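Chemist: Let's see this in three dimensions:
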Amino acid sequence: MDRFRHVLGHFCTGVTVVTTMAGDAPVGFACQSFAALSLDPPLVLFCPDKRSGTWPAIRENGLFCVNVLAEDQRAVSRRFGTRGADRFSGTGWRPSPSGCPVLEGVLTWIDCKVEDVHDAGDHHVVVGRVTELGECRDGQPLLFYRGAYAATGSQGSVDRYEVDGELDNLLTWSRTADWL
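Modeler: So this is what the prediction gives:
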């Protein structure tokens with residue numbers, strides 16, 4: 001298991017917080033296992049641990065919001081990644097169109113309804129149908145790489161490289177039309 005973590009730690013991921021409402025109470029957890037899945041229909045996925053205390057509330061509600069964290073939100077990531085923490089204490093939020101929490105300061109958010117759930121070892125694979133997309137603000141994403149937070153480049157720069165040919169298989173390829 002240590003070797004598995006070491007090797008997969010070399011794959012850089014973004015950090016999100018997946019939120020929902022449990023009755024009148026907001027709940028959420030830090031999640032780096034999030035990805036775009038399909039353009040038509042617009043689907044995303046995330047993978048909660050089967051021991052997650054938040055996942056049952058998401059499953060029951062059937063709705064969730066993925067908050068894409070900004071580089072300056074490390075404290076938010078730590079709070080939402082700690083079991084037993086009062087995760088919403090000191091964290092401002094507003095309801096998304098579905099009523100799920102959108103955290104203050106995020107780069108953007110994605111509102112979803114649970115479409116399907118698959119068993120996957122010690123996790124679930126949750127497929128969500130995108131129902132609304134948030135506005136995008138300027139800023140750099142919070143990344144996780146080799147067991148630590150990472151930045152996109154020095155001085156907040158992002159290194160970009162031209163691509164030969166087309167990459168329509170990549171959901172974030174800029175030529176693809178707005179997918180919602």
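
Chemist: Buried residues, stretch 89-96. List them.
Modeler: For stretch 89-96, the neighbour count (16 or more other CB atoms under 10 Å) marks 91, 93, 96 as buried. Heads up, the C-betas are built off the backbone N, CA and C, glycines and all.

Chemist: And the residue lying closest to E60 once chain neighbours are set aside, how close does it get to V7?
Modeler: Leaving aside its sequence neighbours, E60 sits nearest to A22 (CB to CB, 6 or more residues apart in numbering; 7.6 Å). A22 sits 36 Å away from V7, going by CB to CB, to the nearest Å.

Chemist: Who has more neighbours out of those two?
Modeler: Applying other CB atoms under 10 Å to A22 and V7 shows that A22 carries more neighbours, namely 15 against 9.

Chemist: Confirm for me that that one is in contact with A57.
Modeler: Yes - contact status for A22 versus A57: in contact at 3.9 Å, counting by CB atoms under 8 Å.

Chemist: between these two, what contacts are shared?
Modeler: With contacts defined as CB atoms under 8 Å, 6 or more residues apart in numbering, no residue is shared by A22 and A57.

Chemist: which residues in this structure form helices?
Modeler: Here the chain has its helices, by DSSP state H, at 2-8, 55-61, 74-80.

Chemist: pLDDT weak spots in this structure?
Modeler: Regions of the chain meeting the criterion pLDDT under 70 cover residues 153-180.

Chemist: end-to-end on stretch 46-63?
Modeler: Using CA to CA, to the nearest Å, the end-to-end distance of stretch 46-63 comes to 13 Å.
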